[in-house]
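In: give me a 3D structure for the following:
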Amino acid sequence: MKKSNSKSTKKPEIPLTSLIKPDLTSPKSLKSNSIGKEKEENKINVIYWHRTDLRLKDLPALNKLLNKNENEIKKINNFWPIWCFDPNYLYKHRVGLNRWNFLLESINNLSLEYKKLNKNQKLWVLRGKPFLIFKKLIKDWKITHIVWEKDSNAYSKIRDEKIITLAKELGVEIITTPGRHLYDPDEVIKANKGKPTMTLHQWQSITSKMKDIDKPFPAPESIPDPGPSDLKDHHEENWGEYEGIDLNADVRTGKDTCFDSLTGPSDDPFSVPTMEQLGFPPATTTIHGGTIEGYRRLKLFLSDPEKVSTFSKPHSAPTSLEPSTTLLSPYIKFGCIGIRELWWGCKEVVEKWRKNGGKGETKEPENMFGQLQFRDMYACAEAAIPNFERIRGNSICKYIDWSLQNQYDKNGNEILPRPKDEKDEQAEKRFEAWKKGETGFPWIDACMRQLKYEGWIHHLARHSVACFLTRGQCYISWERGMEVFDEWLIDWDPASNPGNWMWLSASAFYSQYFRVYGLVSWPQKTDKTGELVRKYCPELKDFPDKYIYCPHLAPLTIQEKSNCIIGKNYPFPILNEQLEKELCISKLKDSYKLNFNGNHLEVLNGNVNKKLKELHENNGNTHFKKSEENEKKRKAKGEGALDKFIKREKK
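Out: Residues are numbered from 1 along each chain as shown. Here you go, the predicted structure:
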């Protein structure tokens, strides 16, 4: 019987203004006397808890347990590597079909890797709240040690703190080791006097004084047997109960049976859930998860010394049908490959390239090392800043009066799902058009359709769609774009995703808001033929190259010949690119002048928008004023004939 209940009355939450992220560094050992006296020396029962480390190579926590010395493994009596299917992840976080599919493939792959080392082993998958699961496993399996890779993310810290407290009460030893990043974010923050790293240079300056990045850790050569796996599951706990809104309900087409039992189906206990059991339809992506595929891609990348040494992310092609970057980010996100394996693998290749006289080597931050450092920089910022994933209460986020911001109740709790803004119907329509890939701007639409279908788009394509939605033309809150990426990106990261959205909206990390991506000129730089558009916007596939990024400008005869009438088979542009760009830049200038951040009192009490409205009106930065200015410029340039054509076709 399913225990999850998305219609239950929501429990009271801590007001947003009082919510503080825990500053937790997991201790190496937590012991009490409750079951410690019962442990026989050299007889320990260990659980290794996999989370975002779905591999066996370069796994510091597992290496510390198994490979410390030759005799270490002999001390383990029973060993269970486990995965907890957390209802919090299933219901409270937006997760699209493609990321679910990637995750399930990666878990299945890891289970097979365990079986290769020991025919009696696999990844033991349990379904329920981690706290309840560990409470039961400690009792029924007589667990003495729990091992995991440390995570500095906000939700993970809170979750792990509960398990650590439970373990301390029950006399279980906890072993946690950093491994997700080049450097432990908590240690970097500590070295930075408790402050976040806001620039790559700042992060580099701090870490340059720390020890070198660890070399990749070897994979275990053998794995101990598991003990008895019987669990006295009499449904004494609501394993999968969740009180709140199911944020993935809109993509669930079947019956969700994931939490009907703690151990899954009776005929296949401790098995990995299927998409069908989760109630989801099949995924659409061609990107497959798992360590086998991850290492194949890593090996392929490292096999080309010139490509590794001259890799420059800003100069790769966003319009290419085949990814022009490594496409390793999903495998790093889920830990299918180790971060140190990529770092040191690139180091070795570049050093050989230099010795052999290679030229044209790129430097940080454009090269691969710089990109990995950016990932760490965001992790350190997220770990140090409360409310990093939103505007309200966020101390580093510049307050800009975007449309469609998060909504909060009188206690400061976010209202989910976000209520529609009845007073800003235009913004709601623009947001939906952007999400569906129906803006009338083929470059934007192709990118958004590719994102939904594949779960991945080139990072410069991400820049384009993010700029368009926020500071470029639509003036819609980055929170809305972030939540779509939360759902659709396979390589979603809780620090990098909000960090990048703040960057690209010029809300934090980046302040050159006046630099805007052209909706036609930008993609034409790398592909004038519009290959990506023709694939993901097939209604436009027969348009001449001249009009592939601006089909609304094509004469009616060309539209007819191309079997696509703009306004009928493909939408007209939802806005005037130049007009909205000028208005966005002007309003951002006002926000920067006011200079409030998300934790400012005027933001928290709701008075800030009134101040900005007055500032916009005084400076002539309103839609009416900008339209008047734009009309004068248009007439001066003699663009009236084109405007008449567009209006005539709209009718």
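
In: where's Thr286 relative to Pro226, distance?
Out: 35 Å (Cβ to Cβ, to the nearest Å). Bear in mind the C-beta positions are built from the backbone N, C-alpha and C, glycine included.

In: give me the more crowded residue out of those two.
Out: The neighbour count for Thr286 versus Pro226, taken as other Cβ atoms under 10 Å, is higher for Pro226 (22 against 10).

In: pLDDT wise, what is Lys635 at?
Out: Lys635 is assigned a predicted lDDT (pLDDT) of 70.

In: let me know the secondary structure of Glu149.
Out: strand (DSSP: H, G, I helix; E, B strand; the rest coil).

In: likewise Ile47?
Out: strand.

In: so it sits right up against Val147, yeah?
Out: Yes: applying Cβ atoms under 8 Å, one finds Ile47 in contact with Val147, separated by 7.0 Å.

In: and Ser229, how many neighbours does it have?
Out: 13.

In: then Gln512?
Out: 8.

In: neighbours around the residue lying closest to it once chain neighbours are set aside, how many?
Out: Using Cβ to Cβ, 6 or more residues apart in numbering and skipping the chain neighbours, the partner closest in space to Gln512 is Ala506 (6.9 Å). For Ala506, the count of nearby residues is 24 (other Cβ under 10 Å).

In: residues in contact with Ala506?
Out: Lys398, Thr470, Arg471, Gln512, Tyr513, Leu588 (Cβ atoms under 8 Å, 6 or more residues apart in numbering).

In: I'd like to know which of those residues is nearest to Pro419.
Out: Among the contacts of Ala506, Thr470 lies closest to Pro419 (Cβ to Cβ), at 20.6 Å.

In: so which of the contacts of Ala506 are in helices?
Out: Counting by DSSP state H, the part of the contacts of Ala506 found in helices is Leu588.

In: what subset of the contacts of Ala506 is buried?
Out: Neighbour-count burial (16 or more other Cβ atoms under 10 Å) applied to the contacts of Ala506 gives Lys398, Thr470, Arg471, Tyr513, Leu588.

In: among these, which pair sits farthest apart?
Out: Lys398 and Thr470 (11.7 Å).

In: helix or strand right after the longest strand that the chain contains?
Out: Looking across the chain with DSSP state E, the single longest strand is strand 76-85. As assigned by DSSP states H and E, the chain's next helix or strand after strand 76-85 is helix 87.

In: check which element follows that next one along the chain.
Out: Assigned by DSSP H and E, the successor of helix 87 is helix 97-117.

In: so which bits of that next one are buried?
Out: Quick answer for helix 97-117 (16+ other Cβ under 10 Å): 97-111, 113-114.

In: swap in stretch 421-433?
Out: Ala427, Glu428, Arg430, Phe431, Ala433.

In: okay, which residue is most central for the protein?
Out: Trp492 (2.0 Å; Cα atoms, centre = their mean).

In: tell me if I'm right that it and Phe485 touch.
Out: Yes: counting by Cβ under 8 Å, Trp492 touches Phe485, with 6.6 Å between them.

In: spell out which residues make up each domain of the chain.
Out: 2-179+214-233, 291-384, 422-650 (automatic domain parsing).

In: could you export those as TSV, including distance to Asp260?
Out: Below are these laid out as TSV (distance: least, Cβ to Cβ, whole Å):
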stretch	distance to Asp260
domain 2-179+214-233	6
domain 291-384	26
domain 422-650	25
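
In: lowest-confidence stretch among these?
Out: Lowest mean pLDDT within the domains of the chain: domain 2-179+214-233, a mean of 81.

In: so what's the gap between that one and the chain middle?
Out: 22 Å (Cα atoms, centre = their mean, to the nearest Å).

In: one more: stretch 405-421?
Out: Here stretch 405-421 shows a centroid-to-chain-centroid distance of 22 Å under the convention Cα atoms, centre = their mean.

In: what packs against the helix or strand hosting Lys299?
Out: Following DSSP H and E, one finds Lys299 within helix 291-302. Packing partners of helix 291-302 (3 or more Cβ pairs under 8 Å, 6 or more residues apart in numbering; DSSP states H and E): helix 97-117, helix 305-309, helix 329-333, helix 339-355.

In: please repeat the previous calculation with a cut-off of 7 Å.
Out: If contacts are counted by 3 or more Cβ pairs under 7 Å, 6 or more residues apart in numbering; DSSP states H and E, helix 291-302 sits against helix 97-117, helix 305-309, helix 339-355.

In: after the longest one, next one along is what?
Out: Downstream of helix 97-117, the first helix or strand assigned by DSSP H and E is strand 124-127.

In: now do the helix or strand following that following strand: everything it contacts.
Out: Following strand 124-127 in sequence order, the next helix or strand is helix 130-140 (DSSP H and E). Helix 130-140 is contacted from outside by 47, 84, 86, 126, 143, 146, 159, 162-163, 166, 170, 172, 231-232, 237, 239, using Cβ atoms under 7 Å, 6 or more residues apart in numbering.

In: kindly report the same for stretch 434-443.
Out: With contact meaning Cβ under 7 Å, 6+ apart, stretch 434-443 is reached by 433, 445, 448-449, 464, 469, 474, 484, 519, 523, 530, 533, 537, 540, 548-549, 551-552, 571-574.

In: Pro419 in helix, strand or coil?
Out: coil.

In: shouldn't it be in contact with Gln407?
Out: Yes: if you go by Cβ atoms under 7 Å, Pro419 and Gln407 touch, sitting 5.6 Å apart.

In: for the nearest residue to Pro224 once chain neighbours are set aside, which residues are in contact?
Out: Excluding its sequence neighbours, the residue lying closest to Pro224 (Cβ to Cβ, 6+ apart) is Phe79, at 4.0 Å. With contact taken as Cβ under 7 Å, 6+ apart, Phe79 is in contact with Val46, Ile223, Pro224, Pro226.

In: what's the burial count for the second one?
Out: Going back to what we said before, that points to Ile223. 22.

In: can you list contacts of stretch 195-205?
Out: For stretch 195-205, the external contacting residues (Cβ under 7 Å, 6+ apart) are 188-189, 206, 365, 370, 373-374, 376-377, 380-381, 384-385, 396, 509.

In: quick check: end-to-end length of it?
Out: Stretch 195-205 has its terminal residues 14 Å apart, counting by Cα to Cα, to the nearest Å.

In: related to what we said a few turns ago, what angle do helix 339-355 and the helix holding Lys299 make with each other?
Out: Put simply, helix 291-302 runs at 20 degrees to helix 339-355, going by axes from the mean of the first three to the mean of the last three Cα atoms, to 10 degrees.

In: what are the C-alpha coordinates of helix 291-302, in CSV please?
Out: Only the C-alpha atoms of helix 291-302 are listed here, as CSV (Å, rounded to 0.1, in the frame of the first residue of the first chain):
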residue,chain,number,x,y,z
THR,A,291,29.7,4.0,-14.9
ILE,A,292,30.3,2.0,-18.1
GLU,A,293,29.0,4.8,-20.4
GLY,A,294,30.7,7.4,-18.2
TYR,A,295,34.1,5.9,-18.4
ARG,A,296,33.7,5.3,-22.1
ARG,A,297,33.1,9.0,-22.6
LEU,A,298,36.0,9.9,-20.3
LYS,A,299,38.4,7.6,-22.1
LEU,A,300,37.3,9.0,-25.5
PHE,A,301,37.9,12.5,-24.3
LEU,A,302,41.3,11.8,-22.8
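
In: how about the buried residues of stretch 421-433 in JSON lines, adding distance to Glu414?
Out: JSON lines is the format used below for the buried residues of stretch 421-433 (distance: Cβ to Cβ, whole Å):
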{"residue": "Ala427", "distance to Glu414": "19"}
{"residue": "Glu428", "distance to Glu414": "18"}
{"residue": "Arg430", "distance to Glu414": "22"}
{"residue": "Phe431", "distance to Glu414": "18"}
{"residue": "Ala433", "distance to Glu414": "25"}
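
In: okay if I get these as CSV plus secondary structure and distance to Arg390?
Out: Output for the buried residues of stretch 421-433, formatted as CSV (DSSP: H, G, I helix; E, B strand; the rest coil; distance: Cβ to Cβ, whole Å):
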residue, secondary structure, distance to Arg390
Ala427, helix, 18
Glu428, helix, 19
Arg430, helix, 21
Phe431, helix, 17
Ala433, helix, 24
